[in-house]
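Enquirer: turn this into a structure:
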Amino acid sequence: MVDTYGDFFKELGPAQEKITRVIREEEAQFNKTIAQGMKVFEKKAAQLKANGKKELSGADAFFLASSMGFPLDLTEIMCDQRGMTVRSQSHSHFDLFFPFFLFPYFSLCLLPLFRPSV
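Expert: Sure thing, here's the model as predicted:
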């Protein structure tokens, strides 16, 4: 990141170690979040299968994304691999509103990188 944008954003150079540390921490947290989301998905998929159903509700897909950080496209892929679908009508506004859940999170993660240390 510093190599790519350092010429344009001079403040990145002195913060390189901090940027690297934060990115590694975020990657570790992302992997943990995905693992938790997979457990929730697998449990829900097993419940649906036990009840003879093959459709994950949009509400469940939205919960996975908004509460577990589990991307909708990954939910759809995993459903497809199991012969299931995601109920598209109930998450029709999903793509419209979901970015608003993510923006504050990423902004808060990156903001400390550009504040002067005290």
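
Enquirer: every contact and neighbour count from this point should use C-alpha atoms.
Expert: Will do.

Enquirer: ranges for the strands of this protein?
Expert: Using DSSP state E, the strands of the chain run over residues 55-56, 85-86.

Enquirer: pick the most deeply packed of those.
Expert: Each of those was scored by mean neighbour count; the highest is strand 85-86, a mean of 20, by mean count of other CA atoms under 10 Å.

Enquirer: give me the helices and strands touching it, please.
Expert: Packed against strand 85-86 by the contact rule (3 or more CA pairs under 8 Å, 6 or more residues apart in numbering; DSSP states H and E) you find strand 55-56, helix 72-81.

Enquirer: can you give me the buried ones in the last one?
Expert: For helix 72-81, the buried set under the neighbour-count rule, 16 or more other CA atoms under 10 Å, comprises 72, 75-76, 78-79.

Enquirer: quick one: least confident of the residues you listed?
Expert: In terms of pLDDT, Leu72 ranks lowest among those, with 84.

Enquirer: tell me who's in contact with it.
Expert: 61-62, 64-65 (CA atoms under 8 Å, 6 or more residues apart in numbering).

Enquirer: most neighbours among these, which one?
Expert: If you count neighbours using other CA atoms under 10 Å, the busiest of the contacts of Leu72 is Ala61, which has 26 neighbours.

Enquirer: okay, that residue: pLDDT?
Expert: pLDDT, Ala61: 87.

Enquirer: same check on Gln81?
Expert: 94.

Enquirer: same list, the strands of the chain, but as JSON lines with mean pLDDT and distance to Ile23 please.
Expert: Formatted as JSON lines, those follow (pLDDT from 0 to 100; distance: least, CA to CA, whole Å):
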{"stretch": "strand 55-56", "mean pLDDT": "92", "distance to Ile23": "33"}
{"stretch": "strand 85-86", "mean pLDDT": "90", "distance to Ile23": "32"}
